[in-house]
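> one predicted model, sequence on top.
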Amino acid sequence: MSAVLTGTGTLTRLALRRDRLMIPVWALVTGGMVASGVGSLEGLYGTAAQRADLAASMTANSSMRALYGPVFDDSLGGLVAWRFGTFAAVLAAVASLIVVVRHTREEEETGRQEMLSAGAVGRRAPLTAALLAALVVNAAVALLVTAGLAGQGAAGALALGLAIGGTGMVFATTAALAAQLTESARLSKGLTGAALGLAFVLRAAGDSGSADGGSFLTWLSPIGWAENVRAFAGERWWVLLLIAAAVLVQAAAAYALTGRRDVGASFLATRPGPAEGRLATAGALAWRLQRGTLLGWSLGYLVGGLVFGGIVVGAADIVGDNEQAREIFERMGGQTALTSAFLATMVSLFGMVAALFAVGSVLRAHGEETSGRAEPLLGCALGRLRWAAGHLVIAFGGSALILLLSGLGLALGYGHDLSAVLGASLVQLPAVWTLAALAVLLWGAVPRAATAAWGVAGLCLALGWIGPALGLPQAVLDLSPFGHLPKLPGQEMAWTPVLLLTALAVALTAAGLTGLRRRDMVG
């Protein structure tokens, strides 16, 4: 047994060194978001009566239960668990799947794992190192949540921390299993992301129909398990055993599969594509490589728009007569009419998340380059700019498509103002394109720093998501390009920032492509 784990310590240290920036930042953002919730909620709902009214209205509102889950306790700790627990669990899951796939299937796809395996490395050491790195992320999140909420009750803080970290480990092992089944890192992330999306939808559907978290659909979801730990509301410690069992079963399956395949191989073979016809152009190849991802984002955005559009009519219940809560919505949405503010907030959040798609689509071209797959193409009569243009059309055009679908879903779910909501969604494009263009610049001019584009996009998402709730100065919020856009629907349209951001995106893209044309290709 020890032979198959030889080299685990060395590989774990390597993984942690490579993620020495991502792991602390992700843990601090996730844990800090939950811990900061105490101060923000206390400022909004300072009396027991206000908190009781909020809990009662949220529990009675099926739309709000679908979004956040039911409120099990009206204490500050219970409200923090309700308001931030689900989204913190999702963030922990996303970090876990990225870490695990990066240090398993991505290493095999680039050929680095084969080189490492030529040394004294056991067959199961890479998988073990990846899971240990994910464990570090989730342990850090759990520790920060527990420490940040300890003042509200040690037992509840520990229960919430373990529930969030445990959910992250469930999806870490899901990613480990997907990495054995698929032949590409992209597909591994896609399968795990689909499982995470399904878990969120099951929990939302279950909670919308049940006010006590006891729906059968909720219990089918690992996110629902974390919710049913009931931190600060008579903790159900036994639910953590369900989370642990899921981690052990999935990890055991992943270990069994990794011992039955060669490095680089998979159990689900990739279907070979045609060598001519549809793939005769660089654009057709880029479409073939990224169409699955675009389809997944498109469906997710359409469904997400329908779901959030359906809860617009219940938005007033979340603030009631609380002026401070109303001000937060207005800072995020920029409109005194609460319904318009809520719509503007949702539109802005969809835009910020769409930037992740755009950045990922740009960096897919960077991955093609570093893996060596671009070199044979460029050795033929295909210029670098034509090759890159195929991927950039997907990045810029695809982000426009998914935002259009999110706006369509919001308008259909809300049942009003189709043109206004669609227009508000498309106004987010210049900011999305600016972040995508920054990724192009980094890839073209400084390819080794290309992945830093993820950090910039994540920072903008954090500023837009939790910045207004934390009362950050407008100057800080304006560090994100989304902070300069008009908050529609509701405000007057302002063309100047839209045109300036569009011009900036064009300039950054041009500079990046110039750098790509002049530099050596990265092998």
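Cool, got the structure.

> so how far is P430 from the residue nearest in space to the middle of the chain?
Of all residues in the chain, the one closest to the mean position by Cα atoms, centre = their mean is V94, 5.6 Å from it. Separation of V94 from P430 (Cβ to Cβ, to the nearest Å): 26 Å. Bear in mind the C-beta positions are built from the backbone N, C-alpha and C, glycine included.

> just how off-centre is the helix or strand hosting G309 within its chain?
Assigned by DSSP states H and E, G309 falls within helix 282-310. Computed by Cα atoms, centre = their mean, to the nearest Å, the chain-centroid distance of helix 282-310 equals 15 Å.

> who does that helix touch, helix- and strand-wise?
helix 62-68, helix 185-209, helix 338-370, helix 384-414 (3 or more Cβ pairs under 8 Å, 6 or more residues apart in numbering; DSSP states H and E).

> V229 versus L162, what's the distance?
7 Å.

> now stretch 94-104 - C-alpha only, PDB.
Extracted C-alpha coordinates of stretch 94-104, given in PDB (Å, rounded to 0.1, in the frame of the first residue of the first chain):
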ATOM      1  CA  VAL A  94     -15.900  25.500  -6.900                       C
ATOM      2  CA  ALA A  95     -12.500  26.000  -5.300                       C
ATOM      3  CA  SER A  96     -12.300  22.300  -4.600                       C
ATOM      4  CA  LEU A  97     -13.100  21.200  -8.100                       C
ATOM      5  CA  ILE A  98     -10.600  23.600  -9.600                       C
ATOM      6  CA  VAL A  99      -7.800  22.400  -7.300                       C
ATOM      7  CA  VAL A 100      -8.400  18.700  -7.800                       C
ATOM      8  CA  VAL A 101      -8.800  18.800 -11.600                       C
ATOM      9  CA  ARG A 102      -5.700  21.100 -11.900                       C
ATOM     10  CA  HIS A 103      -3.500  18.600 -10.100                       C
ATOM     11  CA  THR A 104      -4.900  15.400 -11.700                       C
END
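
> can you list the neighbours in contact with that stretch?
For stretch 94-104, the external contacting residues (Cβ atoms under 8 Å, 6 or more residues apart in numbering) are 11, 15, 18-19, 22-23, 26-27, 30, 126-127, 129-131, 133-134, 137-138, 141, 168-169, 171-172, 174-176, 178-179, 185, 188-189, 192-193, 196.

> tell me which residues of stretch 89-109 come out buried.
89-109 (16 or more other Cβ atoms under 10 Å).

> just the ones in helices from the residues you listed, please.
Using DSSP state H, the members of the buried residues of stretch 89-109 that fall in helices are 89-102, 105-109.

> shaky segments in the protein?
1-2, 63, 113-119, 121-122, 262-280, 313-338, 466, 468-471, 522-523 (pLDDT under 70).

> Provide the secondary structure category for the residue of it positioned farthest from its centre.
Most distant from the centre of the chain: A381, at 38.2 Å, with distances by Cα atoms, centre = their mean. Classification of A381 by DSSP: H, G, I helix; E, B strand; the rest coil places it in coil.

> let the chain start at 29 from now.
Let's use 29 as the start, then, which means that last one is A409.

> how many neighbours does the closest residue to G60 other than its chain neighbours have?
Leaving aside its sequence neighbours, G60 sits nearest to L172 (Cβ to Cβ, 6 or more residues apart in numbering; 6.8 Å). Applying other Cβ atoms under 10 Å, we find 22 residues neighbouring L172.

> got it, and A31?
10.

> repeat for G262
Under the criterion other Cβ under 10 Å, the count of neighbours that G262 has is 11.

> quick one: contacts for it?
F100.

> gap between it and S68?
25 Å.

> before we move on, the earlier item: mutual contacts of L190 and V257, please.
L268.

> which strands and helices lie in contact with the helix or strand containing L269?
Secondary structure assignment for L269, by DSSP H and E: helix 267-286. With contacts taken as 3+ Cβ pairs under 8 Å, 6+ apart, helix 267-286 sits against helix 153-177, helix 182-209, helix 250-255.

> and the contacts of that helix?
Residues outside helix 267-286 that contact it (Cβ under 8 Å, 6+ apart): 151-152, 155, 159, 187, 190-191, 194-195, 197-198, 200-202, 204-205, 207-209, 250, 253-254, 256-258, 295.

> list the buried ones in it?
Those would be V267, L268, L270, I271, A274, V275, Q278, A279, A282, Y283, L285, T286, for helix 267-286 by 16+ other Cβ under 10 Å.

> tell me the SS of G400?
Going by three-state DSSP: G400 is coil.

> roughly how far does it sit from D548?
In terms of Cβ to Cβ, G400 sits 14 Å off from D548.

> tell me which of those two has more neighbours.
G400 (13 against 6).

> ok, that one to T138 distance?
In terms of Cβ to Cβ, G400 sits 8 Å off from T138.

> leaving out sequence neighbours, find the closest residue to A233.
Nearest to A233 is L245, by Cβ to Cβ, 6+ apart, at 5.0 Å.

> and that neighbour, how many neighbours does it have?
Neighbour tally, L245, other Cβ under 10 Å: 17.

> what strand or helix carries it?
L245 is part of helix 244-247 when elements are defined by DSSP H and E.

> against which helices or strands is that helix packed?
helix 213-237, helix 250-255.

> so which of those is nearest G181?
G181 sits nearest to helix 250-255 of all the helices and strands packed on helix 244-247, at 17.5 Å, using Cβ to Cβ.

> give me the contacts around the closest one.
Under Cβ under 8 Å, 6+ apart, the answer for helix 250-255 is 97-98, 113-114, 117-118, 191-192, 194-195, 198-199, 227-228, 230-231, 234-235, 241, 243, 245-247, 267, 270-271, 274.

> repeat that for stretch 180-193.
For stretch 180-193, contacts defined as Cβ under 8 Å, 6+ apart pick out 58, 62, 66, 103-106, 108-109, 113, 116-117, 120, 166-167, 169-178, 253-255, 257-261, 263, 265, 267-268, 271.

> before we move on, back to that, in CSV, list the buried residues of helix 267-286 along with distance to A448.
Output for those, formatted as CSV (distance: Cβ to Cβ, whole Å):
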residue, distance to A448
V267, 43
L268, 46
L270, 45
I271, 43
A274, 44
V275, 46
Q278, 45
A279, 49
A282, 48
Y283, 53
L285, 51
T286, 52
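
> please look at T367 and V340 and confirm they touch.
Yes: between T367 and V340 there is a contact at 6.1 Å, judged by Cβ atoms under 8 Å.

> ok, those two, which is more surrounded?
Neighbour count, other Cβ under 10 Å: between T367 and V340, V340 has more, with 23 against 19.

> pretty sure A417 contacts G311?
Yes: assessed by Cβ under 8 Å, A417 is found in contact with G311 at 7.0 Å.
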